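Q: Provided below are the primary sequence and the corresponding predicted coordinates.
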Amino acid sequence: MACHWTVQGAGLGCIEDTNFSFNYHDFPVAGFLGESPFIPPEHMNNAAMLMITIVYGVVLYQSSNLIADGSELLLLIPSVAGLVGSIVLPILGAVPDGMMTLSSGLGPDAQSTVGAGVGVLAGSTVMLLTFPWFIAVTFGRGQLAPNKDGKTVCDYSIKNPKMGLFSSGVTYGKAIADNAKIMLGTTLIFLIIQVPAFRIDHQADRDGVNQNTPADTVAQGRETAQMALIGMLASLAAFCGYLVFCYKQSQEDLVLDQVINGIANKTISLGAALRFAYDTTAGVDVKGEPLQGSGKKRLTKIVRPFFAKYDDDGSGKLNKHEFGALLKDLDEHMSGEEGDGLYNRTDSNHDGEVSFDEFLECLHGYLTDPLKLKAMEERNAVDSKKIPAYESDDEEEEVPEDLASLAPEEQRRVVIFRATWMMSLGTFVVLVVSDPFVDLLTAWGDRLGIAPFYIAFVAAPFASNASELLSAYTYAKKKSPKAMTTSLSTLIGAACMNNTFCLGIFFALIYAKKLAWQFTAETTSIILIQWIIGILAMTRDTMSWFMAWVVLACYPFCLFVVWYLENVIHWD
């Protein structure tokens, strides 16, 4: 008879497994606090281990959702919304992966089990940059068509759009390229330990025979410990810097949203808006130089609603009559000849109309003249003409139904309490379950004859980051460039957190346990995939559905790269 629920001892037959045959007479209930509630994988048959793996995966998924939902509840409180969105959400979102990475190296045989942690780190990063990205483009795409400037963009206004591989896609904002640059910068942290580790690691010979002896591995761990410490400090610095960047960006967006809302509600005049731009935008008061960079981007956000106001015919450009309305709001009392002269000077390309960029430079000229700016600001009249809505699909956070009828103070108290227990419970469960879940992944690798890296690469990310798939779909259904920008920026931001927060935890583990860094193939694949997707994001602002399939293909390609480097090139 097969020995299912007991351990097969060497020459001893079936040894009783006390996890299932428990002598409760000798172990009273009072001592349960000193007992482990988790069944060791070596005490399970295959069916039991599959069931427990699924249970742990579902528990991790639900606890990750608790953390995310609790954090999003805090967005209902305006005073902390910016802090929550820019700092709390990214940190707590990375907690499950960080804890599984840490748990992979806490056991007695850390050097052999830590491969699962590398799999979690690599799998999470690559999965977030491929599957949700593909979902976002697939369900958010529209027909690609040339705009007024001849540039191919996604046009959601086309009825019965063509949705082919090359004829459909999405358009997103410049923020994607900016975040991609940060992501690529954070990948360089891997090289702090990888470069020296590659030099001292004895790679396998041409026949694939490992040249590292156990003594070599111990020595390599001691040699790379200092680099692991440097890498940990670099990760911490990059992590803090990224959080500061996110916080500043969220605060800037919050203020701009308030100004734009004031413009749309006709409570902010052009003069007041320009004064705000003058006070808060770097470089706008420099004479004789065209506005560039972040200053131009910020001024564009502020004055675009006014351009929409003056553009009566919706042509995207201002004619002389429409330009006259601008002069009126600028409090310029010019004769017809003087007005025509200013119009012609503003029309720098002499095509007979004023484009938005020319309109922007015209207003920039007023910002370099403090006297004119002050005169405009002092005008109290607000134009009663309706200002067309500024392009925005931001939605207010929806208050749960059971809180909607409460008074503001009571609502705030309940939201804080509910968010706190949800985030605390979710984090606690992740901390408790991560270790046994990683043990299961390692055990599956042993039983299947597959390196734990591959098991963790595939299984762990879908347990800890499955909510990102739904989030990508939700944003995609809005079908707008801004929603697409938000969705893809979130995914790139998650990769940045893995490259800083989770990698920092892994470096700390390597340093504390003096583990050898023998992950050349895995590190190469992580960096390669991020650079492929990062370059795609940086070199285009419109992505076809075909390119989304290319992005999705990066997921299996990453596994192939690791396999090829390990089994053909014989790295690690």
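A: Right, received. Where do you want to start?
Q: Can you give me the domain boundaries for this protein?
A: Taking automatic domain parsing as the reference, the chain has its domains at 1-28+39-43, 44-256+398-567, 267-377.
Q: which of the ones you listed sits most buried?
A: Comparing the domains of the chain by mean neighbour count (mean count of other CB atoms under 10 Å), domain 44-256+398-567 comes out on top with a mean of 19. Bear in mind the C-beta positions are built from the backbone N, C-alpha and C, glycine included.
Q: Helices along the stretch 451-572 of the chain, start to end?
A: When secondary structure is read from DSSP state H, counting those that start in this stretch, the stretch 451-572 of the chain shows helices at 452-464, 466-476, 481-497, 503-513, 520-538, 545-567.
Q: OK, contacts around residue 434?
A: Applying CB atoms under 8 Å, 6 or more residues apart in numbering, we find residue 434 in contact with 60, 96, 99-100, 102-103.
Q: should've said residue 534
A: Residue 534 makes contacts with 180-181, 183-184, 492, as judged by CB under 8 Å, 6+ apart.
Q: Switch those over to TSV; also include distance to residue 532, secondary structure and pLDDT.
A: Compiled in TSV, those are given as follows (distance: CB to CB, whole Å; DSSP: H, G, I helix; E, B strand; the rest coil; pLDDT from 0 to 100):
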residue	distance to residue 532	secondary structure	pLDDT
180	11	helix	92
181	15	helix	93
183	12	helix	94
184	10	helix	95
492	13	helix	90
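Q: what's the closest of those residues to residue 538?
A: Distances from these to residue 538 were compared by CB to CB; the smallest belongs to residue 180, at 4.9 Å.
Q: for the protein, where's the lowest mean pLDDT among helices and strands?
A: Using mean pLDDT, DSSP states H and E, strand 7-9 stands out as the lowest-scoring helix or strand of the chain, at a mean of 45.
Q: comparing the helices of the stretch 451-572 of the chain, which gets the lowest mean pLDDT score?
A: Comparing the helices of the stretch 451-572 of the chain by mean pLDDT, the weakest confidence falls on helix 466-476, with a mean of 78.
Q: Check which helices and strands that helix sits against.
A: For helix 466-476, the packing partners by 3 or more CB pairs under 8 Å, 6 or more residues apart in numbering; DSSP states H and E come out as helix 46-73, helix 110-140, helix 481-497.
Q: right, and the helix or strand after the second one?
A: This points to helix 110-140. Reading on from helix 110-140 to the C-terminus, the next helix or strand found by DSSP states H and E is strand 142-146.
Q: centre of the chain versus the helix or strand just after that next one, how much separation?
A: Using DSSP H and E, the next helix or strand after strand 142-146 towards the C-terminus is strand 152-155. From the chain centre to the centre of strand 152-155 is a distance of 24 Å (CA atoms, centre = their mean, to the nearest Å).
Q: residues in contact with strand 152-155?
A: Residues outside strand 152-155 that contact it (CB under 8 Å, 6+ apart) are 141-147, 161, 168-171, 481, 542.
Q: Relative to it, what are the paired strands and their orientations?
A: Counting by DSSP bridges, the strands paired with strand 152-155 are strand 142-146 (antiparallel).
Q: Helix 545-567 and the strand it pairs with, what's the angle between them?
A: Put simply, strand 142-146 runs at 110 degrees to helix 545-567, going by axes from the mean of the first three to the mean of the last three CA atoms, to 10 degrees.
Q: Alpha carbons of strand 142-146, as PDB, please.
A: Output of strand 142-146 as PDB, limited to C-alpha atoms (Å, rounded to 0.1, in the frame of the first residue of the first chain):
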ATOM      1  CA  GLY A 142     -10.100  52.500 -31.300                       C
ATOM      2  CA  GLN A 143      -9.400  53.000 -34.900                       C
ATOM      3  CA  LEU A 144      -6.100  54.600 -35.800                       C
ATOM      4  CA  ALA A 145      -6.400  57.600 -38.100                       C
ATOM      5  CA  PRO A 146      -4.400  60.700 -39.000                       C
END
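Q: thought residue 486 was touching residue 474?
A: No - under the criterion of CB atoms under 8 Å, residue 486 makes no contact with residue 474, lying 10.5 Å away.
Q: quick revisit: which ones among the contacts of residue 434 are found in strands?
A: Among the contacts of residue 434, no member falls in strands (DSSP state E).
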